[in-house]
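1. Okay, predicted coordinates and the sequence, questions at the end:
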Number of protein chains: 2
Amino acid sequence: MTTCRQRFLDALACRPTDRAPAWFMRQAGRYLPEYRALRSGQSFMDTLADPARAAEITLQPIRRFGMDAAVVFSDILVPLAAMGLSVDFVEGTGPVVTPPVRTRADVERLQPFDAHVATASLASCLRLVRAELGTERAIVGFCGAPFTVASYAIEGRSTRDFAETKRLLYAEPVVFEALLARIVDVSIGYLAMQVASGADALQIFDSWGGALDAFTYRRAVLPHLVRLVQGAMATGAPVIVYVNGGGHLVDELLTTGAQALSIDWRVEPRAARRRVGAHVALQGNLDPLVLLADRAAVERETRRVLAEFAGHPGHVFNVGSGLIPRTPVENVSVALDVVRGSRA
Amino acid sequence: MTTCRQRFLDALACRPTDRAPAWFMRQAGRYLPEYRALRSGQSFMDTLADPARAAEITLQPIRRFGMDAAVVFSDILVPLAAMGLSVDFVEGTGPVVTPPVRTRADVERLQPFDAHVATASLASCLRLVRAELGTERAIVGFCGAPFTVASYAIEGRSTRDFAETKRLLYAEPVVFEALLARIVDVSIGYLAMQVASGADALQIFDSWGGALDAFTYRRAVLPHLVRLVQGAMATGAPVIVYVNGGGHLVDELLTTGAQALSIDWRVEPRAARRRVGAHVALQGNLDPLVLLADRAAVERETRRVLAEFAGHPGHVFNVGSGLIPRTPVENVSVALDVVRGSRA
């Protein structure tokens, strides 16, 4: 019988599988009572610096639900902290990065780092998770895409309109370009460290890339993303590219050469399959907000998603964006049961 | 020589024009110093209730820039207030609607209203604007689309994830459906009042419809939008449907029968033209954040947008979403000059 890990890797390689493998973005997180218990009183960054605790959080959803893949408990802003910026997670505000990076001098102050040293706790966490999971389940490592990481560095916090980021992109393209290049420089080693420490696959999160039109994305962002994906693929691990709200960028993302694209619920799976062809895997795409509804709706919508991906190998079931804190735990279970076929 | 109003109406009817007519969503607003001066000390809802002041605000951008169309100074939540909810605009938070509408009893408490009475100040404002503009420039009236208005009623405030809205949609479809139906019931009369008072065209804002996948949009939202568009078209005024982040919904929006679709910068104009055919006008689609950059970038990006729409009649130049408060006034002028061909 195939392992969960093999099922996941087979799907990413577009090989046939007995069923779609499944994991959930933010499956290790605040919706789980055992997560809230473990995190209580400790800052987010302190938790990440504690490999045993981060490994335990990574494993919590696997123990409870048995997803096919564990996603390492970390954050896309860890490399910014390793480059010398202060990164904080403020309740109600989200991440706060200081000082914001908006000039050439700001960019030049960003330090390169040796991922095995500067982010050694992530390496330790991955080794602990690997020791626990053996070869039974897959481990997903990740980093942010250059545009998304740059937007946090430039804005200093979450934003709806990306005013500073776009101002820099359009008005100071040389500074913008230098920032993205520097982020890619460190991210390649950061991903390689994750593979060396146990990650089976790598996901690159362009959480905010969908804020750009395709022309601007091609011109100002895509070359950096291509370099990152190619650098990540040199590790030998399959690479998944995720762009939230990126339905208009599928053709662009294909040029990265990534093995898989992770699509959100606004991208129609059959249309996506036609565009990507037979040799790129697709991951997605349940609207995570469906999980706030009742069991019948969760079953129905999960079945619909599976049906929309059916007929081609190369589907990894996932949500189209991360689980939110108020997600009822039992509905994650319901969705997983449907994917596993254990619910009639 | 053709008037600005005729140019705008010709473009909406896909008739050839000497150049694209132009207006900007939120052209009457906080980025204008004369707006801030006029608004100081008065609440947003009080300003809307003061027809002379609302008319003056409507006219401010026309006086300064001479756009082809004036968009009446109002808000998509005005009908919710007329239905009996409390609507407030809180600095830093945005709109606050109380009490939130989440049950069948909440929906049943919403009152129908006679738009000529309950929203008489908007009618007066439109008549004042018409008296000032004569037939020289067009006037755009508007309302929110049922999903967007419902989302404010359900959430009670702005939201990123539409958790309560989607929970209701998936878990209590009958309540959700009743709310949208009631919003459409009042919105049709509300739009007819605007046309009777001077509006030449009507825009329906589905600011948040892009948060839904196409299947769910078709099933739970589209029938209500179709009824609203058809009701609006019965006035004889052309109807523009705008869905922010709605690139994945173009086929659905076409079925409304609206004369024009307003697209944001993430929708590629040539691809949109292929999908809508020759007889539906397109409005858009400059990223309003481009206007934060320098003059050279504004000129270049405005030219690019015009070029992408070129070759077919039926283009109204606009931004892809509303101008933000920190938009430099002079860059609005630069973009308009490019559209008018007065900038080499």
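-> Cool, the structure landed.
2. and the residue in the stretch 1-150 of chain A that chain B sits nearest to, how many neighbours?
-> Residue of the stretch 1-150 of chain A nearest chain B, by CB to the nearest CB: A:Gly94 (10.3 Å). In this view, the C-beta of every residue, glycine as well, is placed from N, C-alpha and C. Neighbour count for A:Gly94, taken as other CB atoms under 10 Å in any protein chain shown: 12.
3. need the contact list for it.
-> Going by CB atoms under 8 Å, 6 or more residues apart in numbering or on different chains, A:Gly94 touches A:157-158.
4. Apart from its neighbours in sequence, what residue is nearest A:Ala145?
-> Nearest non-adjacent residue to A:Ala145, counting by CB to CB, 6 or more residues apart in numbering or on different chains: A:Asp206, 3.5 Å away.
5. For the stretch 201-344 of chain A, what lies in contact range of chain B?
-> Residues of the stretch 201-344 of chain A found near chain B (CB under 8 Å from any CB of the partner chain) are A:210, A:212-216, A:245, A:247-248, A:265-268, A:287, A:289-290, A:292-294, A:297, A:301, A:304, A:324, A:326.
6. re earlier: and the residue nearest to A:Ala145, what does it touch?
-> Counted by CB under 8 Å, 6+ apart, A:Asp206 has contacts A:144-145, A:147-148, A:225, A:241-244, A:246.
7. try A:Asp185
-> Contacts of A:Asp185 by CB under 8 Å, 6+ apart are A:Pro112.
8. how near is it to chain B?
-> When CB to the nearest CB, to the nearest Å is the yardstick, A:Asp185 and chain B sit 26 Å from each other.
9. With only the CA atoms kept, save the strand or helix carrying that residue in CSV.
-> For A:Asp185, the element it lies in under DSSP states H and E is helix A:173-196. These are the backbone C-alpha positions of helix A:173-196, laid out as CSV (Å, rounded to 0.1, in the frame of the first residue of the first chain):
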residue,chain,number,x,y,z
PRO,A,173,11.9,50.6,-10.3
VAL,A,174,15.7,50.3,-9.6
VAL,A,175,15.2,50.2,-5.8
PHE,A,176,12.2,47.8,-6.2
GLU,A,177,14.2,45.5,-8.4
ALA,A,178,17.2,45.5,-6.0
LEU,A,179,14.9,44.6,-3.1
LEU,A,180,13.3,41.6,-4.9
ALA,A,181,16.7,40.5,-6.1
ARG,A,182,18.1,40.5,-2.5
ILE,A,183,15.0,38.6,-1.3
VAL,A,184,15.6,35.9,-3.9
ASP,A,185,19.3,35.7,-3.1
VAL,A,186,18.6,34.7,0.5
SER,A,187,15.4,32.7,-0.3
ILE,A,188,17.2,30.1,-2.5
GLY,A,189,19.5,29.1,0.3
TYR,A,190,16.7,29.2,2.8
LEU,A,191,14.7,26.7,0.7
ALA,A,192,17.7,24.5,0.1
MET,A,193,18.3,24.4,3.9
GLN,A,194,14.7,23.2,4.3
VAL,A,195,15.2,20.4,1.8
ALA,A,196,18.5,19.4,3.4
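10. in it, what counts as buried?
-> Using 16 or more other CB atoms under 10 Å in any protein chain shown as the test for burial, helix A:173-196 gives A:175-180, A:182-195.
11. What are the boundaries of the strands in the stretch 1-150 of chain A?
-> Per DSSP state E, counting those that start in this stretch, the stretch 1-150 of chain A carries strands over the ranges A:69-71, A:86-90, A:94-98, A:138-144.
12. Just name the most buried of those strands.
-> Mean neighbour count (mean count of other CB atoms under 10 Å in any protein chain shown) peaks for strand A:69-71 among these, with a mean of 28.
13. what about stretch A:260-275, start to end distance?
-> Using CA to CA, to the nearest Å, the end-to-end distance of stretch A:260-275 comes to 13 Å.
14. so how far is that stretch off the chain centroid?
-> Distance, stretch centre to chain centre, for stretch A:260-275: 16 Å (CA atoms, centre = their mean, to the nearest Å).
15. re earlier: in helices only, show me the residues of the stretch 201-344 of chain A next to chain B.
-> A:214-216, A:297, A:301, A:304 (DSSP state H).
16. looking at the residues you listed, which has the most residues close by?
-> A:Glu301 (23 neighbours).
17. Just the ones in helices from the contacts of A:Asp206, please.
-> A:147-148, A:225.
18. out of those residues, which is most surrounded?
-> Most neighbours among these, by other CB under 10 Å: A:Phe147, with 28 neighbours.
19. and that one, what does it touch?
-> A:Phe147 is in contact with A:180, A:206, A:208-209, A:212, A:217, A:221, A:224-225, counting by CB under 8 Å, 6+ apart.
20. Please repeat the previous calculation with a cut-off of 7 Å.
-> Taking CB atoms under 7 Å, 6 or more residues apart in numbering or on different chains as the criterion, A:Phe147 is in contact with A:180, A:206, A:208-209, A:221.
21. Next, give me the two most distant ones among those residues.
-> Pairwise distances across those (CB to CB) peak at 13.0 Å, for the pair A:Leu180 and A:Trp208.
22. tell me the mean pLDDT over stretch A:162-173?
-> Per-residue pLDDT over stretch A:162-173 has a mean of 97.
23. Please enumerate residues in contact with that stretch?
-> Against stretch A:162-173 from outside (CB under 7 Å, 6+ apart): A:102, A:150-151, A:154-155, A:175-176, A:208, A:211, A:220, B:289-290, B:292-294, B:297, B:324, B:326.
24. So how do I select the buried members of those residues in ChimeraX?
-> Here is the ChimeraX command that picks out the buried ones among the contacts of stretch A:162-173, judged by 16+ other CB under 10 Å:
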select /A:102,150,151,154,155,175,176,208,211,220 /B:289,290,292,293,297,324
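25. A:Ile263: what's its closest spatial neighbour, skipping adjacent residues?
-> A:Gly284 (4.3 Å).
26. Got the confidence number for the nearest residue to A:Gly29 once chain neighbours are set aside?
-> In space, and not counting its chain neighbours, A:Gly29 is closest to A:Tyr35: 5.9 Å by CB to CB, 6+ apart. Here, the pLDDT recorded for A:Tyr35 equals 97.
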